[in-house]
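Novice: Quick one, fold the following:
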Amino acid sequence: MRRRAFLALAALGLSGRPARAQRAPRAGKSRRVIVVGAGLAGLAAAHELSQAGHDVVVLEARERPGGRVETLRAPFVDGQYADAGGMFVPSHHDLVLRYAERFGLTLQPALPPFHARLSYVRRQRVVANWGGRLDRLFDLAAEDRELGYAGLWDKYVAQGLASRSAEALDRLSVADLLRAQGASAETVALLRVGYLDMMGDGIDSYSALHLQKRLAAAGDSGERLVIAGGAELLPKALAGRLKEKIRYGAAVVRIEPGAARPTMVVVEGGRRERLSADHVICTLPASVLRELEIEPVFSAPKARAIKALDNENPTGAWNTVEVLCLGGKCVHVVNGKVNLVLTNPRQPAADGTMVPLTKGRLQIQSEGAEVFYRGIEIRSIQQIPETYLK
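Specialist: Next up is the predicted model:
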């Protein structure tokens with residue numbers, strides 16, 4: 001990480017020091033436990049139980065550990081790679097940090113947390129990893145151009161917030177703060193790209209005190225880290241400790257949790273096998289779990305929840321997304337199925353108080369991906385369909 005970027009993060013109070021590793025307590029009586037799935041959840045459960053002295057078997061349908069954590073190394077060269085699944089490690093995720101320390105994995109800061117990765121600015125598409133070259137689109141003073149994005153953030157945002165009282169910040173909008181720090185119009189235009197303009201109705205609409213509180217909350221949750229060398233190193237390290245306890249290519253097709261001893265049917269190499277244990281830990285995602293035979297069946301509410309968790313169409317197919325806002329309720333619908341219901345939506349007023357959200361910009365965004373949209377419609381509604389409110 002560049003020194004300036006590090007200083008900018010440090011100015012925001014971000015830290016990534018891992019907690020000290022801890023060991024699971026030893027078991028009083030050894031139990032046989034079957035863990036279904038060798039993703040991070042399954043591997044962590046199996047590792048801790050094994051360390052505590054239990055007899056553990058992990059069943060994984062794929063031929064690799066990690067589940068939704070995967071690192072692609074081909075067709076890249078010169079040691080390059082791409083994480084195709086989970087990759088970020090927030091610095092408050094104590095368990096992952098303990099494992100990283102225990103297994104000797106190196107953590108490093110992810111991309112700067114307050115800078116867009118992909119931007120459309122002044123009619124140009126800019127990929128802006130590690131600050132990129134967004135500044136080339138703005139007529140900055142020579143001194144500001146030399147500072148770079150992290151330095152500009154430190155000078156005009158971090159120092160501006162740190163040098164003023166809460167009362168003073170409460171009287172300033174973020175735009176006022178930047179100008180009071182001496183930022184030119186072009187520097188303000190650059191800094192507002194991404195994070196600063198994503199709150200409220202832009203940097204003129206919310207107070208510098210509100211920004212300070214948001215950054216403090218982000219500082220409490222900590223900096224996002226990544227595992228140097230690829231995220232798969234963590235599941236591989238866990239799997240390496242379990243070794244022969246993991247059965248790859250073993251697909252669970254049926255679970256019977258109601259028996260005296262939980263039992264399951266596994267297909268491995270074309271052969272079906274019944275396995276029993278004292279306990280079963282199922283870590284499968286809902287998209288897989290809903291395809292298994294379960295006997296006795298889950299309760300109606302649990303079955304409905306498992307079936308409804310993933311509303312997106314397969315990769316490559318278009319999705320229909322609706323956001324219906326009326327009164328004090330906001331309903332998010334994906335392909336005709338309710339995904340989220342927000343009640344009493346509010347936003348910060350100029351004085352920092354929270355007021356009902358009745359107007360503002362409409363923002364379409366995606367985190368960590370480039371998304372294509374078509375057929376965007378905005379229309380008035382008199383009511384939210386009853387089927388969405390059940």
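Novice: can you list the domain ranges for this structure.
Specialist: 6-109+230-294, 112-209, 321-389 (automatic domain parsing).
Novice: Now the second one: average pLDDT?
Specialist: Which is domain 112-209. When pLDDT is averaged along domain 112-209, the result is 84.
Novice: Same check on the longest one?
Specialist: Per-residue confidence for domain 6-109+230-294 averages out to 86 on the pLDDT scale.
Novice: Please enumerate the helices of this protein.
Specialist: For the chain, applying DSSP state H gives helices covering 3-11, 40-51, 94-102, 142-152, 159-162, 166-170, 174-180, 185-191, 208-221, 233-242, 286-289, 300-308, 386-389.
Novice: And these: which comes nearest residue 82?
Specialist: helix 233-242 (14.1 Å; C-beta to C-beta). Heads up, the C-betas are built off the backbone N, CA and C, glycines and all.
Novice: Give me the buried positions along that closest one.
Specialist: Buried residues in helix 233-242, counting neighbours by 16 or more other C-beta atoms under 10 Å, are found at 233, 234, 235, 236, 237, 238, 239, 242.
Novice: Was I right to think the first one contacts residue 105?
Specialist: Translated: residue 233. Yes. Using C-beta atoms under 8 Å, residue 233 is in contact with residue 105, at 5.6 Å.
Novice: what is in contact with the two at once?
Specialist: Common contacts of residue 233 and residue 105, defined by C-beta atoms under 8 Å, 6 or more residues apart in numbering, comprise residue 227.
Novice: Select, out of the helices of the chain, the one closest to residue 66.
Specialist: Evaluated with C-beta to C-beta, the helices of the chain place helix 233-242 nearest to residue 66, the distance being 3.7 Å.
Novice: re the thing from before, make CSV out of the domains of the chain and add distance to residue 224.
Specialist: Converted to CSV, the domains of the chain look like this (distance: least, C-beta to C-beta, whole Å):
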stretch, distance to residue 224
domain 6-109+230-294, 5
domain 112-209, 6
domain 321-389, 11
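Novice: Of those domains, which is nearest residue 303?
Specialist: Nearest to residue 303 among the domains of the chain is domain 6-109+230-294 (8.3 Å), distances taken as C-beta to C-beta.
Novice: and residue 52, how many neighbours does it have?
Specialist: Residue 52 has 16 neighbouring residues, counting by other C-beta atoms under 10 Å.
Novice: try residue 245
Specialist: So residue 245, with other C-beta under 10 Å, has 16 neighbours.
Novice: Nearest residue to it in space, ignoring adjacent ones along the chain?
Specialist: Among residues not flanking residue 245 along the chain, residue 56 sits closest, at 5.4 Å (C-beta to C-beta, 6 or more residues apart in numbering).
Novice: Let me see the contact set for that neighbour.
Specialist: 33, 34, 35, 46, 49, 50, 242, 245.
Novice: can we see that at 10 Å?
Specialist: Residues in contact with residue 56 (C-beta atoms under 10 Å, 6 or more residues apart in numbering) are 30-35, 45-50, 242, 245-246, 277, 279, 281.
Novice: Specify the beta-bridge partners of it.
Specialist: Beta-bridge partners for residue 56, by DSSP bridges, are residue 33.
Novice: Excluding residues flanking it in the chain, which one is nearest the residue nearest to the spatial centre of the chain?
Specialist: Using C-alpha atoms, centre = their mean, the residue of the chain that lies closest to the mean C-alpha position is residue 88, 7.0 Å off. Excluding its sequence neighbours, the residue lying closest to residue 88 (C-beta to C-beta, 6+ apart) is residue 224, at 4.6 Å.
Novice: if I look at the one you found, how far off is residue 332?
Specialist: Separation of residue 224 from residue 332 (C-beta to C-beta, to the nearest Å) stands at 25 Å.
Novice: of those two, who's got more company?
Specialist: Shown here are residue 224 and residue 332; by other C-beta under 10 Å, residue 224 has more neighbours (19 against 16).
Novice: That one contacts residue 89, doesn't it?
Specialist: Yes. At 7.0 Å, residue 224 and residue 89 qualify as touching, with contact defined as C-beta atoms under 10 Å.
Novice: No further queries at this time; thank you.
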